[in-house]
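I'll drop the sequence and a predicted model, then ask my questions.
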Amino acid sequence: MSWIAALILFPALASVLLFVIRKDRLRNAVCWGSSLITAALSVWVTYRYFGMGVSFSFPGEGAIDSFMMAVEVLAAAYIIFVGIKNKKYLICLFAAIQTPLMLWFELTRAHESGAAAGIVFDKLSAIMVLVIGVIGSLICIYAVGYMRGYHIHHEDYKERKAFFFSILFVFLSAMFGLVLSNKLTWLHFCWELTTLCSFFLIGYTQTPQAKNNAFRALAINLGGGLAFAAGIVFLGLRFNISALSEFIAMKPETVVLVPVILLCIAALTKSAQLPFSSWLLGAMVAPTPTSALLHSSTMVKAGVYLVIRLTPLLGSSAAGKTVTLIGGITFLATSLLAISQSDAKKILAYSTIANLGLIVTCASVGTQEALWAAILLLIFHAISKSLLFLAVGSIEHQIGSRNVEDMDILMRVSRKLSIYMLIGIAGMFLAPFGMLISKWAAMKAFIDSDNILIIIMLVYGSSATLFYWTKWMGKLISNANRKAEGHHTFHITEEVPIFVQAALTVAACFCFPVVSRYAIMPYLSGLFGGSAAMPIGTNDVNIMLIMLSMLLLLPLGFFSIYKNDHRRIVPVYMGGENAGDNKAFNGALGKTRKLELRNWYMEKYFGSAKLTYWSDTLCAAILCVSVIMLVLGVMGL
Amino acid sequence: MIALEILAIIILTPLVGGLLTGADRVISARMQGRKGPPVLQPFYDVFKLFQKESIEVNTMHRFYVYISIIFVIFTVIIVLLGGDVLLAVFALTLGSIFFVLGGYASNSPYSLIGSERELLQMMSYEPMLLLASLGLYYVNNSFYIKDIISGDTPAILFLPGIFAGFVFILTFKLRKSPVDLSMSHHGHQEIVKGITTEYSGKDLAIIEITHWYETVLVLAFVYIFFAVKDPVSHVWAVLACVVVYFLEILVDNGSARVKWQLALKSSWIVTGIVGAVNLVVISLFR
């Protein structure tokens, strides 16, 4: 119990410390230390409570409630203040409704109901704690090295590193609280705290664009938070329920679906599903550690975590069908959209939204296999995506651009970074790596549950995924033969986290049967009853592992062949008009032109303007229709 | 025993594939009013290529060709030993991706065009390939080919739409006109030599052998749709493979290459219509 409290409170303590320390060196050291301790704590807590799980209530919950209410009031006051100052009245409205509503509810009703434990640590929480603790801490370590370079490259931004680091740790603390809380009011408090943190992090540079995007993120997530609050109040007033575990144990009747859909709307906003995805795309103006944190282990994962928790209530209910459909459309639309992008961070953002869509779809289908896939997707995605973001951040510092087209020189600038990048990309879509394993299970789960429409979206989306990742890989390897030039080195605090995550990406593929057996399976059999079986047979897993080993070993085997087979090197074919080297050719009018090779983007087919509009509209319409149907259904009772 | 089987598959598959290619060339020649080469001509070609000097534009690009053939062989082994059909599709995709990366690694303009087109072709046929595997699972409740071909009713009876769609995208996989965008054996409609522009000698021979393996592989997929427990059905399955292969040759000789836009659109639309409708209809009867 005290360890769990320590896990939640330690990052908060670290954030205060980081905020007050004004010396760069000392702060960096503290940041290193706190990250390591946070990671160690999360591993220790998992180890300690993993076997049986634990659920308990803190003594003096009243005091905790009061503290949270005080923070909520302060936060609301702050939000309304900046909202009015920047003429963003929507967020003022959201805050002005939400906070008094929650205050009224907590003061009058909340303490009356429920003997349920405030904190629950089960197998799912364990997975989340590890993801947040390990990946999140690695990102914080990376931030130390990255921010040093960031302010050298961007001298025009005001340096607010102390603030930045302290918010990173508040974020971790809030996420720990979020995945461990069983009391809905606490969950909501942590939920809103992550919203506020993401607002600060996105707006870090204080440029007009950053501010604007930060406000957009705040508005969308506050809207989701409002739906969350409404759901909690509804549950409390109507059913006298104040704990997540009690809520999940209910039967999905029509009236119960009201809070379900409200919470799902909150989850959809947080996990950036269409039509709420624009905030996550805007979030890439922030320094890279922010994007990495938002996209991989925190923030968006809070949304899918909630959907995964709500799975028993979704399934074949109307709310479940709605969420499944929205997730499916999101996956398909954003996978197609990513084809037309050349900005690396934007591709990553679309891919995040797509994969979250897939997780949401899997979780809301409600079968055991689908949930297995959802949880595994969550783990693999967190690792690979954070690796990719961190690598792209460093690449941007090395080559001064994050355009994929400029990455053909990366092999010459930093071979290591290219290889990390390739591992990350392979982890996102290639057999036998993690995401593909989970996607495979997802396909099986969808067809087993007769979700033909989702299957169709999935196969198209997967093909698009293959296209945009492969062309990126192609750019990365296109200059592999040239000797490395220049002596770019990147800071050790950048390299260590990237290396660890690359290693984790590969290791996770070897270890997933273990994770499945000891964490996911027990969780699933607890939830669905009976014994769970892994959707992918042992035979197939073995073949996958053979493939993985082949991929790792084959390059080594080629060294010996290369040694004994030296060949004549000739210039590339340019219709006989080569101008000496492979970089130029004799163009028209005897002019020597530089050879430029570009990837395909097919703007006309996959351009973002039209596709975004239509998919947003479609998802919004589906959401509206299902809300209206639900309201009619409830009124009819 | 299993080692012997694998060895037999590795050795015999390219022989069959080569013979099929040879037959293809003879039939194509007859369709065009020529006599055509001997059936064994593909083997002569490959032997000749092995004796040629292999030149290259850099030291890296051949690497991908070898990795590619290894994974294609791996796929063939999975399929012919009756393994998981979806896993086979994934392994095949991996092999194809390495082939595409080889084009990128050449860093040459014509190879790159070939690579982009090959990637586009993959994007075009991948949905149908996945749907076909999922459809086979849907009607047989098993992804294992050995289970599928020992059922009572052939899959084709449940999956006529998916089979039609599969035959449609087979044209991509067999590199036949009108959708042989990335590399073609018709010199008159090729941009230099597409994705293989910078390969020569041994590497080109390996690419040719990879194609033989792939030919057998896709015909094995056709086979799966027809074969069941009843031994007679296997005769029908072989016949179906022959008919489908002949059809592909006919289409190959009867059409000119289309633009990539049409290739992508047509295959996605065909997949969307026949694949989806077929699956929906089955789901209604379950």
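Nice, thanks for sending it over. Treat the numbers as computed from the prediction; the structure is a model and nothing was measured.

check which residues of stretch A:152-167 are buried.
A:160-162, A:164-167 (16 or more other C-beta atoms under 10 Å in any protein chain shown). Placement of C-beta: from N, CA and C, glycine included.

please apply the same query to stretch A:347-354.
Here stretch A:347-354 shows A:347-354 as buried, counting by 16+ other C-beta under 10 Å.

where are the low-confidence patches of chain A?
Across chain A, residues meeting the criterion (pLDDT under 70) sit at A:109-115, A:482-489, A:637.

can you list the domains in it?
For chain A, automatic domain parsing gives the domain ranges A:1-248+A:257-280+A:287-302, A:314-565.

so which of those gets nearest residue A:598?
With respect to residue A:598, and counting by C-beta to C-beta, the nearest of the domains of chain A is domain A:314-565 at 6.2 Å.

first to last residue in the closest one, what's the distance?
60 Å (C-alpha to C-alpha, to the nearest Å).

tell me the helix or strand right after the lengthiest helix in chain A.
Using DSSP state H to define each element, chain A has its longest helix at helix A:368-399. On the C-terminal side of helix A:368-399, the closest following helix or strand by DSSP states H and E is helix A:410-413.

check which helices and strands that following helix sits against.
helix A:368-399, helix A:415-429, helix A:452-477 (3 or more C-beta pairs under 8 Å, 6 or more residues apart in numbering or on different chains; DSSP states H and E).

chain center to that helix, what's the gap?
Distance of helix A:410-413 from the chain centroid (C-alpha atoms, centre = their mean, to the nearest Å) equals 28 Å.

circling back to that earlier point, distance to residue A:408 and secondary structure for the buried residues of stretch A:152-167 - can I get that in TSV?
TSV is the format used below for those (distance: C-beta to C-beta, whole Å; DSSP: H, G, I helix; E, B strand; the rest coil):
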residue	distance to residue A:408	secondary structure
A:160	35	coil
A:161	33	helix
A:162	38	helix
A:164	32	helix
A:165	35	helix
A:166	39	helix
A:167	36	helix
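
export those as a markdown table, with columns for distance to residue B:4.
Formatted as a markdown table, the buried residues of stretch A:152-167 follow (distance: C-beta to C-beta, whole Å):
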| residue | distance to residue B:4 |
| --- | --- |
| A:160 | 69 |
| A:161 | 65 |
| A:162 | 69 |
| A:164 | 63 |
| A:165 | 62 |
| A:166 | 66 |
| A:167 | 64 |
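
just curious, which of those is nearest to chain B?
residue A:164 (37.8 Å; C-beta to the nearest C-beta).

for the closest one, which residues are in contact?
Contacts for residue A:164 (C-beta atoms under 8 Å, 6 or more residues apart in numbering or on different chains) come out as A:143, A:147, A:201, A:204, A:287.

with adjacent residues omitted, what lies nearest to the second one?
By that I understand residue A:147. residue A:161 (5.4 Å; C-beta to C-beta, 6 or more residues apart in numbering or on different chains).

need phi/psi at residue A:251.
Backbone torsions for residue A:251, taken as degrees, to the nearest 10, come to phi -90, psi 140.

and residue A:54, by the same measure?
Dihedral angles (degrees, to the nearest 10) for residue A:54: phi -150, psi 140.

since we're on the nearest residue to it once chain neighbours are set aside, how many residues are nearby?
Closest residue to residue A:54 apart from its sequence neighbours, by C-beta to C-beta, 6+ apart: residue A:121 at 4.8 Å. For residue A:121, the neighbour count with other C-beta atoms under 10 Å in any protein chain shown is 26.

and residue 52, how many neighbours?
You didn't pick a chain, so chain A it is. Residue A:52: 7 neighbours (other C-beta under 10 Å).

should've been chain B
Neighbours of residue B:52 using other C-beta under 10 Å come to 12.

check which helix or strand covers residue 169.
Picking chain A for this. Secondary-structure assignment from DSSP H and E places residue A:169 in helix A:161-180.

try chain B instead
Going by DSSP H and E, residue B:169 is in helix B:160-173.

could you dump that helix to PDB, C-alpha only?
Extracted as PDB, the C-alpha positions of helix B:160-173 are listed here (Å, rounded to 0.1, in the frame of the first residue of the first chain):
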ATOM      1  CA  PRO B 160     -16.800 -17.900 -55.300                       C
ATOM      2  CA  GLY B 161     -16.600 -14.100 -54.900                       C
ATOM      3  CA  ILE B 162     -13.400 -14.200 -53.000                       C
ATOM      4  CA  PHE B 163     -11.900 -16.700 -55.400                       C
ATOM      5  CA  ALA B 164     -12.800 -14.400 -58.300                       C
ATOM      6  CA  GLY B 165     -11.200 -11.500 -56.600                       C
ATOM      7  CA  PHE B 166      -8.200 -13.600 -55.800                       C
ATOM      8  CA  VAL B 167      -7.800 -14.500 -59.500                       C
ATOM      9  CA  PHE B 168      -8.000 -10.800 -60.300                       C
ATOM     10  CA  ILE B 169      -5.100  -9.900 -58.000                       C
ATOM     11  CA  LEU B 170      -3.100 -13.000 -59.100                       C
ATOM     12  CA  THR B 171      -2.300 -10.900 -62.200                       C
ATOM     13  CA  PHE B 172      -0.300  -8.600 -60.000                       C
ATOM     14  CA  LYS B 173       1.500 -11.400 -58.200                       C
END
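
run the chain-centre distance for it.
That offset, for helix B:160-173, works out to 11 Å (C-alpha atoms, centre = their mean).

buried sites along that helix?
B:161-173.
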